[in-house]
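**Student:** Attaching a predicted model along with its sequence, questions to come.
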Amino acid sequence: MSSATTTTTSAASRRPALSDPGYQAFVILRTGFTVAPILFGLDKFANLLVDWPAYLAPWINDIVPGSAQAAMYAVGVIEIVAGVVVALAPRFGGWLVAGWLAGIIVNLLTIPDHYDVALRDFGLLLGAVALARLAQRYDGKRQSHDSQ
């Protein structure tokens, strides 16, 4: 009987949180910053969406061992890990993705004609920071959605 009561109470306590626009924004950002890095990371191995090595600045290609494609394999692994970290620990994962995007922006700003992509990634960086800040409030059992 206690499990039925706990389930009912738990479901009832989630309803106010789901109607909170701030919590909705947190869920949207958490979902996006989980799925997108994992999908883009996986695509670094297939190059279906774009020729990823073309987005590696020549100066970075000169300092990393191996080919540009080999560097993209490493990038893909990092992006997949970042997506998983966002799913499991968004307070940390949001900052991790923001830092990773900052590195991507630096890379893109050093390649002619990629400034538009760098600007888009700056917008994504802001979204990742917003996720990290919202996670401070909405992630974890220590925070009560009703008392915030």
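**Tutor:** In hand now; what should we look at?

**Student:** What residues of the helix or strand encompassing residue 26 count as buried?
**Tutor:** Assessed by DSSP states H and E, residue 26 sits inside helix 21-43. Within helix 21-43, the residues that count as buried by 16 or more other CB atoms under 10 Å are 23, 26-27, 29-30, 32-34, 36-38, 40-41, 43. In this view, the C-beta of every residue, glycine as well, is placed from N, C-alpha and C.

**Student:** could I get those as TSV with pLDDT?
**Tutor:** Formatted as TSV, the buried residues of helix 21-43 follow (pLDDT from 0 to 100):
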residue	pLDDT
23	95
26	96
27	96
29	98
30	98
32	98
33	98
34	98
36	97
37	97
38	98
40	97
41	97
43	98
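
**Student:** pLDDT on stretch 65-80, on average?
**Tutor:** Averaged over stretch 65-80, pLDDT sits at 96.

**Student:** Can you show me the CA trace of that stretch as CSV?
**Tutor:** Taking Å, rounded to 0.1, in the frame of the first residue of the first chain, the C-alpha atoms of stretch 65-80 are listed here in CSV:
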residue,chain,number,x,y,z
PRO,A,65,48.4,14.0,-34.4
GLY,A,66,47.0,12.2,-37.4
SER,A,67,44.6,13.4,-40.0
ALA,A,68,41.7,15.9,-39.8
GLN,A,69,39.3,12.9,-39.9
ALA,A,70,41.1,11.3,-37.0
ALA,A,71,40.7,14.5,-35.1
MET,A,72,37.0,14.5,-35.9
TYR,A,73,36.8,11.0,-34.4
ALA,A,74,38.1,12.4,-31.2
VAL,A,75,35.8,15.3,-31.4
GLY,A,76,32.9,12.9,-31.9
VAL,A,77,33.7,10.9,-28.8
ILE,A,78,34.0,14.1,-26.8
GLU,A,79,30.6,15.3,-28.1
ILE,A,80,28.9,12.0,-27.3
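
**Student:** could you pull out the helices for the protein?
**Tutor:** All helices of the chain, identified by DSSP state H, fall at 2-19, 21-43, 58-63, 68-88, 90-109, 115-138.

**Student:** will you turn those helices into JSON lines that also has distance to residue 52?
**Tutor:** Below are these laid out as JSON lines (distance: least, CB to CB, whole Å):
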{"stretch": "helix 2-19", "distance to residue 52": "37"}
{"stretch": "helix 21-43", "distance to residue 52": "7"}
{"stretch": "helix 58-63", "distance to residue 52": "12"}
{"stretch": "helix 68-88", "distance to residue 52": "5"}
{"stretch": "helix 90-109", "distance to residue 52": "11"}
{"stretch": "helix 115-138", "distance to residue 52": "12"}
